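Chemist: how would this look folded up:
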Amino acid sequence: MKMTTAELCQVLKEGDLEKRSDNFLQFWKKKTCVLTSDTLSLYADGQKRSKAKELKLQAIKKVDCVERTGKYVYFTIVTTDNKEIDFRCLDEGTCWNAVITMALIDFQNRKAIQDFKSRQETEVVSSGHQERHLARSP
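Modeler: From the prediction side, this is the model:
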């Protein structure tokens, strides 16, 4: 079952998230975010006119350190190169951390299935090659 481009780019969640800046003062900056089944896009403005910073799900290791305090839910995205990016969002029921975690699990499952099918195809091709080679042997 191959997914179409339209299915892969389906928007899972869209709205505001606050990202902690990397500089010394570490201000929280509001970002308009769009999560699809393979990317989290962060826009500096609400109209999405600015170029988005894209965080591919394949570059995310996990969603970590989820903490509720007051009206916010804080969480950290850990990338495959162990960079930590801090976010917070209003605690409105369906929080970003849960939706990102589910999208990440779904992405990892799709990738595992693809890898498995690729390995199976490779094994079938190489075993077919082996059988032809053995058939020619005296």
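Chemist: quick one: contacts for the residue nearest to residue 68 when sequence neighbours are not counted?
Modeler: Excluding its sequence neighbours, the residue lying closest to residue 68 (Cβ to Cβ, 6 or more residues apart in numbering) is residue 91, at 5.9 Å. In short, each C-beta sits where N, CA and C put it, glycine included. Contact analysis of residue 91 by Cβ atoms under 8 Å, 6 or more residues apart in numbering lists 68, 71-73.
Chemist: unless I'm mixing things up, residue 75 is touching residue 85, no?
Modeler: No - shown here, residue 75 and residue 85 do not form a contact pair, counting by Cβ atoms under 8 Å, at 9.6 Å.
Chemist: Which one of the two is surrounded by more residues?
Modeler: Ranked by neighbour count (other Cβ atoms under 10 Å), residue 75 and residue 85 place residue 75 first, with 23 against 16.
Chemist: Can I have the buried ones of the contacts of residue 91 as a ChimeraX selection?
Modeler: The ChimeraX command for the buried members of the contacts of residue 91 (criterion: 16 or more other Cβ atoms under 10 Å) is given here:
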select :72,73
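Chemist: Now flag whichever of the contacts of residue 91 is closest to residue 50.
Modeler: residue 72 (24.1 Å; Cβ to Cβ).
Chemist: Could you measure from the closest one over to residue 56?
Modeler: With distances taken as Cβ to Cβ, to the nearest Å, residue 72 is found 26 Å from residue 56.
Chemist: list the helices and strands the strand or helix carrying residue 97 packs on?
Modeler: Using DSSP states H and E, the element containing residue 97 is helix 96-136. Judged by 3 or more Cβ pairs under 8 Å, 6 or more residues apart in numbering; DSSP states H and E, helix 96-136 is in contact with strand 11-20, strand 28-36, strand 60-69, strand 72-79, strand 84-90.
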